[in-house]
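>>> please find the sequence and the predicted model below.
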Amino acid sequence: MHKITWPSIAALASLVGAAIAQAPEPEPAWRKSALALVPAGYVGGDAYRTDEAAMTGYLAVYPANATDPKSPGSVFAPRQVLVVKLAKSDGALRASSAELQPRIDPTRGNRDTAMTDPDGEERQFDKLDAELATGRAKLPEGTEPCSLGAWSWDRDPKGLNVRAEPSVKARVLGTLPPPYRLKMGGSENTPEGGWLTEFRIIGFKDGWFLIEGATPPGKEYEDEKKYPRHAPKPYAGRGWVAANKVGANYANGGTRMGGLFQAPFVDAQWMPAQRKLGGTLDTDGGPKRILACSGHWGLVESHDGVRGWWRSLCSSQVTNCS
């Protein structure tokens, strides 16, 4: 069946447990009053720490435009925290004032999963993102580094153009085949819609994904000895494809299931979302659209119209990526 050979995926598989949706951890009483103090242009996320001795709370905040494909959030950008001064009122802590400050403390992992070490999970992803940041210099200027599995769902018989620059006017380097239906005397495993061409997303810029490593459609799922020699061969080098022609399945990124995040961090505001056929979002199926990416996160739109971030997307066409 499908063989995953990319090192980053192997690394992810070793650190991601079964993120089974559970009841969310109760939020501190002071968070509700602190949300009223969040500055314009930001959205409040988790109240991730309470220091009762200092009567101080810490609220994760992220830019309000983090879900806009024209100005998507970034795992590599400096972060802010809302430092909240607390006071007791009717026996409970309430926010009395707040100040936006640079954030240097690490992200606290989601507690509402079955992972045994959610904070360790975040440290591992921090390392993976740091590796991507180190390689930024090898990418075209202005490219946001990413690491996601994906496919082309463009059904144009001529194939999806892979271009030298993120522009419709740029030179065409090659193409990715449209869905391919094999005919091998009944021994084929071809799905009804045909096999899609898979690749790796390694960057994003201005509505375009930088990709590489495209593989012949269905070759990794069919009998290699019987795979037709005349089957279409995609351009396997590095190049740019339009984001609106790209799809993928949700993979288990070790985060809270059932919805999407307002920014590419697990302590950002969380928004419930639905699968294509109904039911809360999980690794069964994929998003309606992939809009942008940053690190191991994809900015997506769910089939019920929620726009947000999901960590880890894969290109498997035969099983889910749990």
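Happy to help now that I have it.

>>> test my guess that Asp126 contacts Asp119.
No: using CB atoms under 8 Å, Asp126 is not in contact with Asp119, being 10.5 Å away. Using the backbone N, CA and C atoms, a C-beta is placed for each residue, glycine as well.

>>> next, show the common contact partners of those two.
Shared contacts of Asp126 and Asp119 (CB atoms under 8 Å, 6 or more residues apart in numbering): Pro106.

>>> any idea how far Arg94 is from Asn56?
Careful, residue 56 is Thr; it's not Asn. According to CB to CB, to the nearest Å, Thr56 and Arg94 sit 13 Å apart.

>>> what do those two both touch?
Leu86.

>>> if I look at Thr107, how far off is Leu132?
Computed as CB to CB, the Thr107 to Leu132 distance reads 16 Å.

>>> Asp112 too?
Using CB to CB, Asp112 is found at 27 Å from Leu132.

>>> these two: who's more crowded?
Taking other CB atoms under 10 Å, Asp112 and Leu132 do not tie; Leu132 has more neighbours (21 against 18).

>>> check contacts around that one.
145-147, 295.

>>> of these, buried ones?
Neighbour-count burial (16 or more other CB atoms under 10 Å) is assigned, among the contacts of Leu132, to 145-147, 295.

>>> those in strands, which ones?
Mapping the buried ones among the contacts of Leu132 onto strands (DSSP state E) picks out 145-147.

>>> number of residues surrounding Leu86?
A count of neighbours around Leu86, defined by other CB under 10 Å, yields 24.

>>> what of the one 4 residues further on?
Per other CB under 10 Å, the neighbour tally for Asp90 reads 5.

>>> any idea how far it lies from Leu281?
From Asp90 across to Leu281, the span is 37 Å (CB to CB).

>>> Pro217 is in contact with Met197, correct?
Slight slip there: residue 197 is Thr, not Met. Yes: between Thr197 and Pro217 there is a contact at 4.8 Å, judged by CB under 8 Å.

>>> need the overlap of contacts for those two.
Here Thr197 and Pro217 have 177, 180, 234 as joint contacts, going by CB under 8 Å, 6+ apart.

>>> ok, for the last one, nearest residue in space, not its chain neighbours?
Right, Pro234. Ala214 (4.0 Å; CB to CB, 6 or more residues apart in numbering).

>>> so the one you found sits in a helix?
No: counting by DSSP: H, G, I helix; E, B strand; the rest coil, one finds Ala214 to be strand, located in no helix.

>>> let's have the chain start at 88 instead
Okay, residue one is now 88; in that scheme the one you just asked about reads as Ala301.

>>> quick one: it and Leu219, what's the gap?
From Ala301 across to Leu219, the span is 20 Å (CB to CB).

>>> over to Ala323?
Where Leu219 is concerned, Ala323 sits at a distance of 21 Å (CB to CB).

>>> ok, now Pro374?
Using CB to CB, we find Pro374 at a distance of 21 Å from Leu219.
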